[in-house]
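Enquirer: quick one: sequence and predicted model below, then my questions.
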Amino acid sequence: MEWESMGVKVDGRYLHHLRFADDIVLITPNIEQAEQMLAEFDKACEKIERLKLRCSCETDCYVYLVREVNIMNDLAPELSRRKRAALGAFKNIEGVVKKTENIRLRAHLLDTAVLPALTYASES
């Protein structure tokens, strides 16, 4: 597949797809290029007898490896997702935190439940 000049230019290089396990996300600036890439991909799949191809809708954002990726590289939606996850984790332990007076136990609960939910995949 000749995709070197297809996709979206990021830091001087073209980003045209993301892969993880058996999932592939095509990244294109317009629907015409997506159709062309999908047709080429379909041909390549036929050659190796991989015919199970499922197409999703066009979207401006996608959750990839637990992080929301969007066309504008806006981090606000991902930060909101992380904050909601941390709040949900806190709600799960809130009863225990309120019942105990042990400061070390409270800190341990926050460190092991809330902080991982808030910072998960933040390095990527």
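Expert: Now that the structure is in, tell me what you want to look at.
Enquirer: the longest helix in this protein is where?
Expert: Criterion DSSP state H: the longest helix present in the chain is helix 76-99.
Enquirer: mind listing residues that contact the next helix or strand after it?
Expert: Using DSSP states H and E, the helix or strand that follows helix 76-99 towards the C-terminus is helix 103-109. Contact with helix 103-109 is made by 93, 96-97, 100, as judged by C-beta atoms under 8 Å, 6 or more residues apart in numbering. Yep, even glycine has a C-beta here, placed from its N, CA and C like the rest.
Enquirer: again, only this time at 6 Å
Expert: With contacts defined as C-beta atoms under 6 Å, 6 or more residues apart in numbering, helix 103-109 is touched by 93, 97.
Enquirer: returning to that earlier point: hey, C-alpha coordinates of the longest helix of the chain in PDB?
Expert: Once non-C-alpha atoms are left out, helix 76-99 reads as follows in PDB (Å, rounded to 0.1, in the frame of the first residue of the first chain):
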ATOM      1  CA  ALA A  76      -9.500  19.300  27.300                       C
ATOM      2  CA  PRO A  77     -11.800  16.300  26.500                       C
ATOM      3  CA  GLU A  78      -9.200  13.800  27.700                       C
ATOM      4  CA  LEU A  79      -8.600  15.800  30.900                       C
ATOM      5  CA  SER A  80     -12.300  15.800  31.500                       C
ATOM      6  CA  ARG A  81     -12.500  12.000  31.000                       C
ATOM      7  CA  ARG A  82      -9.600  11.600  33.500                       C
ATOM      8  CA  LYS A  83     -11.300  13.900  36.100                       C
ATOM      9  CA  ARG A  84     -14.600  12.000  35.800                       C
ATOM     10  CA  ALA A  85     -12.700   8.700  36.200                       C
ATOM     11  CA  ALA A  86     -11.000  10.000  39.400                       C
ATOM     12  CA  LEU A  87     -14.300  11.300  40.700                       C
ATOM     13  CA  GLY A  88     -15.900   7.900  40.100                       C
ATOM     14  CA  ALA A  89     -13.000   6.200  41.800                       C
ATOM     15  CA  PHE A  90     -13.400   8.500  44.800                       C
ATOM     16  CA  LYS A  91     -17.100   7.900  45.000                       C
ATOM     17  CA  ASN A  92     -16.300   4.100  45.300                       C
ATOM     18  CA  ILE A  93     -14.100   4.700  48.400                       C
ATOM     19  CA  GLU A  94     -15.900   7.700  49.800                       C
ATOM     20  CA  GLY A  95     -17.800   5.700  52.400                       C
ATOM     21  CA  VAL A  96     -14.600   4.100  53.800                       C
ATOM     22  CA  VAL A  97     -12.700   7.400  53.700                       C
ATOM     23  CA  LYS A  98     -15.400   9.200  55.700                       C
ATOM     24  CA  LYS A  99     -15.700   6.400  58.300                       C
END
